[in-house]
Structure formats: structure tokens, C-alpha cells
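>>> Give me coordinates for this.
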Amino acid sequence: MKTVKQLLSEKGQDVSSIGPDETVFDAMQLMAANNIGALLVINNGKLAGILTERDFSRKSYLLNKPVKDTLVKEMMTRQVAYVNPDYTSQDCMALVTEMRVRHLPVLENDQVIGIISIGDLVKDAISEHKFIIHQLERYIYSTPE
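Below is the predicted model:
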């Protein structure tokens, strides 16, 4: 089972972010350009929230104003589930399941160092299962009769 630190070393630590006073329109353009489903909202170097496609789809009609006039801070989720580099992929999977989120920022000493998505966790689980199957096949085929 891998740690978040190991997952980040494999996938990279690039994090797309936006400021809370930017427009939701700008945020959606950034997500579309980077083919991602979430942006971390960073204010003065600190994690202030997260803006996801889910936030947009569920909250945009409630605000009832054009996205070009809506600020990220009006739509973002302020209470963000996050992990540290020592969490395991299993810890993360339990957290995304319990919290019903798809993205987990990774914080170390209150600084964002990456983000783990549910897709990263599924990819890791599949890789781990393939490895176990391979090991079992090697054992079965190398056993003398």
C-alpha cells in the first residue's frame, strides 16, 4: 500500500489553483483548459477552499447571476477535507468515500504540496491488484507438482 508521498512522486505535484476574488468564469475556463475537475482556492499562500465542477453544477443556479459576475469565494467549498503525505492510499479511499469528495489536497506544514483525486486512488488500487495477481500466478506456475 502506497503513501500519499509515493503517489505524488509518481503523478507529480502540479496543482492548479485560483484566487477567491477571481470569477467563476475564469475558474471554469482554467478547468476546461487543463481538463481537470477541481481548483484549489489559494488566498495569501494558504488553502482557502476548493472549487469543483460539482460546486458549479449545484450552486450556480442558486446564486442566480452570470458566472462572469460571480466570484470564486461565493461558490467554493470552504471546509476542505485534506490529507498529509503520510496517509496511505487506503486512508484516502476511506476519506473520499466517507466525505463524498473526489479531490484531496495534500498539506504539509499548512502548505499545499499536491492533490490526490479519486482517479489517482483507483489507478493505484488497480495497479496493486495487478501486482498481487502477478505474484500469485508466479507462485502457482513455479510450484513443483
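>>> outside of stretch 38-54, which residues touch it?
Here stretch 38-54 makes contact (C-beta atoms under 8 Å, 6 or more residues apart in numbering) with 15-20, 24, 27, 30-31, 37, 72-73, 75-78, 80, 82, 102-103, 105, 107, 110-112, 115, 117. In short, each C-beta sits where N, CA and C put it, glycine included.
>>> what's the nearest residue to the most centrally placed residue in the chain if we skip its chain neighbours?
What sits nearest the mean C-alpha location of the chain, by C-alpha atoms, centre = their mean, is His103, with 2.6 Å. Spatial nearest neighbour of His103, excluding adjacent residues (C-beta to C-beta, 6 or more residues apart in numbering): Ala38 at 4.4 Å.
>>> Pull out the buried positions in the lowest-mean-pLDDT helix or strand in the chain.
Least confident helix or strand of the chain, by mean pLDDT, DSSP states H and E, is helix 118-142 with a mean of 80. Of the residues in helix 118-142, Ile118, Asp120, Leu121, Asp124 count as buried by neighbour count, 16 or more other C-beta atoms under 10 Å.
>>> All the strands of this structure, in order from the start?
17-18, 38-43, 46-52, 103-108, 111-117 (DSSP state E).
>>> Next, the angle strand 111-117 makes with the third one.
Between strand 46-52 and strand 111-117, the angle formed by their directions is 20 degrees, by axes from the mean of the first three to the mean of the last three C-alpha atoms, to 10 degrees.
>>> buried set for strand 46-52?
Of the residues in strand 46-52, Leu47, Ala48, Gly49, Ile50, Leu51, Thr52 count as buried by neighbour count, 16+ other C-beta under 10 Å.
>>> and the gap between Gly37 and Ser16?
10 Å (C-beta to C-beta, to the nearest Å).
>>> joint contacts of those two?
Contacts common to Gly37 and Ser16, judged by C-beta under 8 Å, 6+ apart, are Met31.
>>> Pull the number of nearby residues for Gln29.
Using other C-beta atoms under 10 Å, Gln29 is surrounded by 12 other residues.
>>> Tabulate the strands of the chain (JSON lines), appending mean pLDDT.
Listed next are the strands of the chain as JSON lines, based on pLDDT from 0 to 100:
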{"stretch": "strand 17-18", "mean pLDDT": "98"}
{"stretch": "strand 38-43", "mean pLDDT": "98"}
{"stretch": "strand 46-52", "mean pLDDT": "97"}
{"stretch": "strand 103-108", "mean pLDDT": "97"}
{"stretch": "strand 111-117", "mean pLDDT": "96"}
